[in-house]
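Asker: Predicted model and sequence follow; I will ask about them next.
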Amino acid sequence: MSPPAEIKLDEILRALLKRHLTDAEIYVKRGRSRRLERTPVTETSSTSQERAWAVRAGNRRASFFAAATGDPSPAGPWPEPAPGHSLELPEPQAVPGWNEPSDFDTPLIGEREGLKLLESLGRELVSELPDSRLLRAVLEDGSSEAELANSRGVRARTRQRISTLYIEAAGPGRPAVQASLYVAAREPRRFHPTALARRLADRLAVAAAGAAPERDTGEILLAPVVAARLLAGLLPLLVGPGPGSRLTGARGRFGSEKVTLIDNGRLPGGAFEAPVDGEGVPTREVVLVEEGIFHQPLLAWWQEVAAHGQPSGITRRPGWRDLPTPGPTHLFLKPDPRTSVAALLGSVSQGYYLIDVTGAGRFDLPADRFALPVCGFAVAAGRASAPVSGAWLCGGIGAFLRGIAAVGRDLTFHPLDGMIGSPTVLATGLELRAGAE
Amino acid sequence: MPFSRLDAAAVARTLSQIAEQPEDVVDAFFERREEVEVAPEGDPGSLRVWREEGFAVRLVRDGHTWLASRDAIEPKPFAEALRQVARAFSAATYPEPALEVGPPEPVVAHDLLEFPAALSRAVRAHHVGFPLRVAVRRHRRWVQVVGPRLVATAEQENFFSLTAESTWGRYGALLTQLDAAAAAEVAGAVVALFRTRQSQPPAPVRGTVVLGPAAVAVLLHEAVAHALEADTLAQGGNPEAAVGVAMAAACLDVLDDPAAAPEGVRRTTDDEGAPVVRRWLLRGGIVEQPLADALWARTSPVLLPGAGRRGTRHLPPGPRSSHLEVLAGETAPEDLLAGAEEGLYFAEASRGQLDPLSGEFVLYLPFGQRFRRGGLHEAVGACSLRGRVSDLLTRVVAVGAESRPAGAGWCAKGGQKMPVWATAPALRLEGVEVSP
């Protein structure tokens, strides 16, 4: 297969300019992936190779987006741009030095190794929770290279390497309770079957035996996945001009002093680590909230004039079919390296330890409230006292942020809207209820 | 048809080289897709065109599937893919069949560009006016399946998808035509969202509910079609054990018939090249024939293939519904409401959700109306209908006498998103739980 560099992107830009499309961008992507799936009855091994491109082109009056498999040609055929919509593209910027991670070159997981990983997940699950069973496990491992050029002079090449693992399992008994989890890492050798099986087994055991309190408050310890889901629900407040400041108080306070929120497109080891974003704009670390004080929202280059703050490369382009859109890459709540999870749990005199999210949450940002279905344990004197399931964690969004009393050191990222990371969080001022309302 | 020049016989001969055992399933799936979208006014890249073509080669042996896919229809990648699924040494060579495909057709978008204005006019005909963000997209897909012994008929699908967003909610639809009737149908739905914007949801109640054909389509797609997919059934045990189980009231006959789907999306073969079947999912409320593809049909003589569908060439096919048909009953439309003292009427459902293990089902209803003594009265806001599938479907007490195209929607399962279509009458259910 030809590498992207062999396609003459400049020729395509010139051909578009001849059609009076003064702003034009071409993006070419090559990728390969392996997908392994295991159910109690079937096993599937797939390999696919992707070869495709996308062009955005326009002028002050009209624009189009065209994307296709194969190689682009200066001759097109190009669609007629639709009037009424203009297109703007970024100017070139100096890209700070960046060392490509060595694991970008690791080969995709082999069929046998991948299926063994899935098989061991099933085995570990049964050893953690007898009579439970894996319903479906899907491992996807892929790598890609992309090249981008625009008529303003931006030229960029990027590589990606990502693996995801989706697991669905059923607990013992009939009707069996069900749980699933979805994780991502740069390569599949970072997935640990024992830890993942334990997490699923905990979920299944709690769901089978637990009950929800009618209504209760107290200190609530949120496992990283629960806190990350809450952060993901807040993204509309953190991305783009305007809304972020809505939650700040008179003195710019967004959360407690334990709250430092950062997004970093070049986070070392991050699943989406890259020197530039999907439009070729350099990525960098952006501190959105520091020790509770709101600094700025996450801004793309074209949003700079609309809000106070420094823009950065935050335009995501998951695939050639997707139009570039702003969003976080690795957004996380900064951990406290001095605080262990055991110390946090030990500090809870009366409350709950919520270990997972069991479904889709409800976020009403204008009304400042949320509800998230969760499971976990009731905690008394620092020890789990009873399983909790079918419960909803409810409260105000501002109250959640201001009520964060402590954060742990166990920062973990989860594939939500981008990679969202959080350590274990000790929250106050929230409620656990039997229903969402 | 882009695949008319494909040397299907040469492809078949090449595939026969890797079909080593009589029980092996081997096929090549060729597809071309084209989507053209007019984005909402103000969005950049307002005209959007996606074009893709490629193939997948598949081998199924002893419950294991190997699949290799490429984003090009060319001889060399085909031979490479074949070698991958055969797990042959790289030195092994397979013939490279001629894989010539027709050029893409020019992009046509005038009907898409005109539809938002037609929709605005249709909304104004209701004597209301409000801003709407409308995105409308044409979907075209061509499919050719070749096996070692059989070359299926080439298939083509053409339809449109639409989303209309207002301050009061989002409405999505699949349409086979972009004509005045389609504009009127979409306008009716978005105006209903507008008119019920301040309506309060009903208090939790267990009572009588009448569902219009569009809401019935969503209910039965989730509660019957999904529940009777062989892979879903297998999560709880042996799929063939479902056959003969009384799942719904005796008045309910539900079929899946891709050949009876609306023009433009009608199929004679499935995405595995097998002839489609007029499949009785429920006859008199009793499960008769679950949905199965070639892989599941091999696990049991009770299961018939013909319902294999692929959302993309990069993933293997699975058993899925295409066109759900609920047979009309004997109750006149006016008697559906008059048959109960009072209740709730829901014309539309926004989505449904089924937990296949517990059987818990939720139908989300964006708006509705109360009815009393046969007449429709005040509107109610968004709410949901909940229950266990096994209980809910036995609560159907009357089936409307008029079955009509009941809308359609996207159905996502296992990472594959597909359009699904339905023809249904209205239904009356008694003793069902509705809550905000």
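Answerer: Arrived safely.
Asker: which parts of the stretch 251-400 of chain A sit against chain B?
Answerer: Within the stretch 251-400 of chain A, the positions near chain B by CB under 8 Å from any CB of the partner chain are A:Arg321, A:Leu323. The way it works is simple: take the backbone N, C-alpha and C, and place the C-beta from them, glycine included.
Asker: now the strands for the stretch 251-400 of chain A?
Answerer: Taking DSSP state E, counting those that start in this stretch as the test, the strands found in the stretch 251-400 of chain A are A:261-264, A:285-290, A:293-294, A:315-316, A:325-326, A:330-333, A:350-357, A:362-364, A:369-380, A:383-395.
Asker: most tightly surrounded among those strands?
Answerer: Most buried of the strands of the stretch 251-400 of chain A, by mean neighbour count (mean count of other CB atoms under 10 Å in any protein chain shown): strand A:330-333, with a mean of 26.
Asker: Chain B - how does it break down into domains?
Answerer: Using automatic domain parsing, the domain ranges for chain B come out as B:8-195, B:205-435.
Asker: so how far does the shortest one reach from one end to the other?
Answerer: In terms of CA to CA, to the nearest Å, the two terminal residues of domain B:8-195 are separated by 55 Å.
Asker: Let's have the domains of chain B in TSV, adding mean neighbour count.
Answerer: Shown next, in TSV, are these (neighbours: other CB atoms under 10 Å in any protein chain shown):
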stretch	mean neighbour count
domain B:8-195	18
domain B:205-435	20
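Asker: Of the ones you listed, which is nearest chain A?
Answerer: With CB to the nearest CB as the measure, domain B:8-195 is the member of these nearest chain A (3.4 Å).
Asker: would you list every one of the strands in the stretch 1-150 of chain A?
Answerer: Applying DSSP E, counting those that start in this stretch to the stretch 1-150 of chain A gives strands spanning A:23-38, A:43-58, A:62-69, A:82-83, A:133-150.
Asker: try the stretch 51-200 of chain B
Answerer: Applying DSSP E, counting those that start in this stretch to the stretch 51-200 of chain B gives strands spanning B:64-70, B:133-146, B:155-166, B:169-175.
Asker: Using the record, which stretches count as separate domains in chain A?
Answerer: A:4-209, A:215-433.
Asker: What's the mean pLDDT across the longest one?
Answerer: Taken as a whole, domain A:215-433 carries a mean pLDDT of 91.
Asker: Next: stretch B:129-138.
Answerer: For stretch B:129-138, the mean pLDDT works out to 93.
Asker: closest to B:Pro77 out of the strands of the stretch 1-150 of chain A?
Answerer: strand A:43-58 (7.3 Å; CB to CB).
Asker: so what does the closest one touch, helix or strand wise?
Answerer: Using 3 or more CB pairs under 8 Å, 6 or more residues apart in numbering or on different chains; DSSP states H and E, the elements in contact with strand A:43-58 are helix A:9-18, strand A:23-38, strand A:62-69, helix A:111-128, strand B:64-70.
Asker: my guess is A:Pro96 contacts A:Pro275, does it?
Answerer: Yes. Counting by CB atoms under 8 Å, A:Pro96 does reach A:Pro275; the two are 7.4 Å apart.
Asker: For the residue of chain B positioned farthest from its centre, give me the pLDDT.
Answerer: Going by CA atoms, centre = their mean, the residue of chain B most distant from its centre is B:Ala91, 42.9 Å out. pLDDT for B:Ala91: 71.
Asker: got a list of what it touches?
Answerer: B:Ala91 makes contact with no residue under the criterion CB atoms under 8 Å, 6 or more residues apart in numbering or on different chains.
Asker: What of B:Phe371?
Answerer: B:Phe371 sits next to B:Val210, B:Leu337, B:Ala340, B:Glu342, B:Gly343, B:Leu344, B:Tyr345, B:His377 when contact means CB under 8 Å, 6+ apart.
Asker: Of those, which one scores lowest on pLDDT?
Answerer: Among the contacts of B:Phe371, B:Ala340 has the lowest pLDDT, at 81.
Asker: Quick check, it in contact with B:Gly431.
Answerer: No. With contact defined as CB under 8 Å, B:Ala340 does not count as touching B:Gly431 (10.8 Å).
Asker: Looking at strand pairing, list the partners for the residue nearest to B:Thr208 when sequence neighbours are not counted.
Answerer: Nearest non-adjacent residue to B:Thr208, counting by CB to CB, 6 or more residues apart in numbering or on different chains: B:Gly343, 3.4 Å away. Going by DSSP bridges, B:Gly343 is paired in beta bridges with B:Phe371.
Asker: and B:Gly343, what does it touch?
Answerer: B:Gly343 sits in contact with B:Gly207, B:Thr208, B:Val209, B:Val210, B:Leu337, B:Arg370, B:Phe371, B:Arg428, where contact means CB under 8 Å, 6+ apart.
Asker: farthest-separated two in those residues?
Answerer: Maximum distance among the contacts of B:Gly343 (CB to CB): 14.6 Å, for B:Arg370 and B:Arg428.
Asker: Tell me which residues touch the residue lying closest to B:Thr65 once chain neighbours are set aside, please.
Answerer: Excluding the flanking residues, the one nearest B:Thr65 by CB to CB, 6+ apart is A:Thr44, at 4.3 Å. The neighbours of A:Thr44, taking CB under 8 Å, 6+ apart as the test, are A:Arg35, A:Leu36, A:Glu37, A:Arg38, B:His64, B:Thr65, B:Trp66, B:Leu67, B:Pro316.
Asker: so A:Leu230, which of the three states?
Answerer: The assignment at A:Leu230 comes out as helix when based on DSSP: H, G, I helix; E, B strand; the rest coil.
Asker: How many residues are close by it?
Answerer: Around A:Leu230 there are 25 other residues, counting by other CB atoms under 10 Å in any protein chain shown.
Asker: Next: A:Ile420.
Answerer: Look at A:Ile420: counted by other CB under 10 Å, it has 27 neighbours.
Asker: beta partners of it?
Answerer: The bridge-partner assignment for A:Ile420, based on DSSP bridges, gives A:Leu331, A:His414.
Asker: Outside of stretch B:236-243 itself, list whatever touches it.
Answerer: B:228, B:230-231, B:233, B:287-290, B:292, B:296, B:299-300, B:302-303, B:356-357.
Asker: Next, the contact list for the closest residue to B:Ala189 other than its chain neighbours, please.
Answerer: In this structure, B:Ala189 finds its nearest non-sequential neighbour in B:Tyr171, 4.9 Å apart by CB to CB, 6+ apart. Counting by CB under 8 Å, 6+ apart, B:Tyr171 touches B:Thr163, B:Ala164, B:Glu165, B:Val186, B:Ala189, B:Val190, B:Leu193.
Asker: Just to check, the first one is in contact with B:Gly172?
Answerer: Yes. Look at B:Thr163 against B:Gly172 with CB under 8 Å: they come within range, at 4.8 Å.
Asker: Distance to A:Pro366 added to the domains of chain B, as JSON lines?
Answerer: Listed next are those as JSON lines, based on distance: least, CB to CB, whole Å:
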{"stretch": "domain B:8-195", "distance to A:Pro366": "12"}
{"stretch": "domain B:205-435", "distance to A:Pro366": "17"}
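Asker: so who does residue 330 touch?
Answerer: Just so you know, I chose chain A. By CB under 8 Å, 6+ apart, the neighbours of A:His330 are A:Asp263, A:Asn264, A:Gly265, A:Leu267, A:Gly270, A:Ala271, A:Phe272, A:Glu273, A:Phe413, A:Gly418, A:Met419, A:Gly421.
Asker: my bad, chain B
Answerer: Counting by CB under 8 Å, 6+ apart, the residues that B:Glu330 touches are B:Val399, B:Ala401.
Asker: what about 10 Å?
Answerer: Neighbour list for B:Glu330: B:Cys251, B:Ala398, B:Val399, B:Gly400, B:Ala401 [criterion: CB atoms under 10 Å, 6 or more residues apart in numbering or on different chains].
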